[in-house]
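>>> just to be clear, the model below is a prediction. Sequence and coordinates:
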Amino acid sequence: MPGLQRTPMAIRLDRLSMPGEGGCRIWTGNCLPKKGYPIVGKGGHGNGNAYAHRVAYVLAFGPIPDGFDIHHACGNVKCINPEHLQALDRKLHRAMHHPAACPHGHEYTAENSYYRPADGIRMCKQCRKLYMREYYLRHKR
């Protein structure tokens, strides 16, 4: 008796997604809890997972060049439509997603950046100091 047949990745991507607004192809399968990126099993037991949008890009355009990340041009992280995905240089991609200043206009520098240990979120030290002061005043006895 032959082993189990594996469903090709392209068919699984199609089965686990549906059309959305603006031409998006919305992933309906499993997603990472924090940022919501879609994941798909690589096939077989214990072979791990892959990002569904990266798999969709590779199936449509070929391998992702070294030093490049896949960017969602539509802004929807659950979209796996290859027409909405583009390979961007990692530095450019990070610059697009990591602003140079905090929401209050303080520049993020090495000296002025604080990363929360629990989740790695970046805060400027000036805003964090103000927040911690207000927190202390609200909770002091």
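Okay, I see it.
>>> so which residues of this structure form helices?
Using DSSP state H, the helices of the chain run over 9-15, 52-61, 90-97, 125-139.
>>> what packs against the last one?
Contacts defined by 3 or more Cβ pairs under 8 Å, 6 or more residues apart in numbering; DSSP states H and E place helix 125-139 against strand 113-115. Bear in mind the C-beta positions are built from the backbone N, C-alpha and C, glycine included.
>>> hey, C-alpha coordinates of the helix-or-strand element of the chain with minimal mean pLDDT in PDB?
Ranking every helix and strand in the chain by mean pLDDT, DSSP states H and E puts helix 90-97 at the bottom, with a mean of 80. Once non-C-alpha atoms are left out, helix 90-97 reads as follows in PDB (Å, rounded to 0.1, in the frame of the first residue of the first chain):
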ATOM      1  CA  ARG A  90      15.500  43.900   3.700                       C
ATOM      2  CA  LYS A  91      16.800  47.400   4.700                       C
ATOM      3  CA  LEU A  92      14.100  49.100   2.600                       C
ATOM      4  CA  HIS A  93      11.400  46.800   4.000                       C
ATOM      5  CA  ARG A  94      12.400  47.400   7.600                       C
ATOM      6  CA  ALA A  95      12.500  51.200   7.000                       C
ATOM      7  CA  MET A  96       9.000  51.100   5.700                       C
ATOM      8  CA  HIS A  97       7.700  49.200   8.800                       C
END
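>>> list the buried ones in that helix?
Buried positions in helix 90-97, judged by neighbour count with 16 or more other Cβ atoms under 10 Å: residue 93.
>>> what does it contact?
Contacts to helix 90-97, defined as Cβ atoms under 8 Å, 6 or more residues apart in numbering, come from residues 67, 68, 69, 71, 88.
>>> wait, which of the helices of the chain is closest to residue 41?
Of all the helices of the chain, it is helix 9-15 that lies closest to residue 41, at 7.9 Å by Cβ to Cβ.
>>> quick check: mean pLDDT across the closest one?
Averaged over helix 9-15, pLDDT sits at 90.
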